[in-house]
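K.L.:
Pasting a predicted model and its sequence here:
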Amino acid sequence: MIVDNLTRILTTIATAARRSGRHPDTVQLVAVSKQVGVEAICEAVAGGQMLFGENYLQEAADKIPQLPPTVQWHFIGHLQSNKAAQVAELFTMVETVDRFKVAKALDLHAKRLDKHLSILIQVNIGREKQKSGVMPEETTELLHAISAETNLRVRGLMALPPFFSDPEKSRPYFRALRELAQQLAVKKLFHDNDAIELSMGMSNDYPVAIEEGATIVRVGTALFGSRMKEGVEKK
């Protein structure tokens, strides 16, 4: 089932990319494996999926050693600076940096590991009080500080827009993130201003996100199905 789901998702990604005039290879799939067992992850790996995203550090720390070293991991959960050491060690990219304190902590530990750590800046594009992320108008200041005082590679932006059952309602938020990234690229604030990563779009709306410029989509439920934790179904 997982391999069939993966094939279907990759086909949808390719179709959405071509529809927006892009090559399918310009879009990466991050398979969101939170609350997913190692056996199911291995099934996805057997189907060719080599990039996964984890939200919870302890869960990830238990799983990652059980998977082949060729598998890559993105941290996509809320990050506190006191967890930065382990995150810097386990993950190739942190998608959820929204404060300089967190960036500084990641940089400290990446230097200790002699590791070039890539990050994305999480932007609260919907200005939702319950969600993490730097406000759009504060992104420039944060990027200036990270560029001046760390060796982190800021690859682009990430966002969790408000949830809508109709994916089309997410489109303005995806477009706003792309336009913000373009404005920041003009100021030369990314590691590579000609190849900016935009992580946006999940199981319910990733084709729309790709049409609006997503280079990374984070898909869990559509790949692995609904999760169960402590008797509560997770969508």
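P.N.:
It's in.
K.L.:
Now do the buried residues in stretch 109-120.
P.N.:
109-110, 117-120 (16 or more other CB atoms under 10 Å). Placement of C-beta: from N, CA and C, glycine included.
K.L.:
Next SSE downstream of the helix or strand containing Val94?
P.N.:
According to DSSP states H and E, Val94 maps onto strand 93-97. Following strand 93-97 in sequence order, the next helix or strand is helix 100-112 (DSSP H and E).
K.L.:
Quick check: which ranges of this structure have low pLDDT?
P.N.:
For the chain, the stretches with pLDDT under 70 are 227-235.
K.L.:
Just give me the longest helix of this structure.
P.N.:
helix 2-19 (DSSP state H).
K.L.:
picking that back up, using JSON lines, please lay out the buried residues of stretch 109-120 together with distance to Leu67.
P.N.:
Listed next are the buried residues of stretch 109-120 as JSON lines, based on distance: CB to CB, whole Å:
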{"residue": "His109", "distance to Leu67": "22"}
{"residue": "Ala110", "distance to Leu67": "22"}
{"residue": "Leu117", "distance to Leu67": "20"}
{"residue": "Ser118", "distance to Leu67": "20"}
{"residue": "Ile119", "distance to Leu67": "22"}
{"residue": "Leu120", "distance to Leu67": "22"}
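K.L.:
any idea which of these is closest to Asn151?
P.N.:
Using CB to CB, Ala110 comes nearest to Asn151 of the buried residues of stretch 109-120, at 7.1 Å.
K.L.:
Tell me where this protein has strands.
P.N.:
28-32, 51-54, 72-75, 93-97, 118-123, 153-159, 197-199, 216-219, 227-229, 232-234 (DSSP state E).
K.L.:
Identify whichever of these lies nearest to Gln86.
P.N.:
strand 72-75 (9.8 Å).
K.L.:
now that closest one, how far from the chain's geometric center?
P.N.:
Centroid separation between strand 72-75 and its chain, computed with CA atoms, centre = their mean, to the nearest Å, is 8 Å.
K.L.:
Can you list the strands that it pairs with?
P.N.:
Applying DSSP bridges, strand 72-75 is found paired with strand 51-54 (parallel), strand 93-97 (parallel).
K.L.:
Residues contacting that strand, please?
P.N.:
Outside strand 72-75, the residues that touch it by CB atoms under 8 Å, 6 or more residues apart in numbering are 30, 50-55, 57, 60, 64, 87, 90-96, 216.
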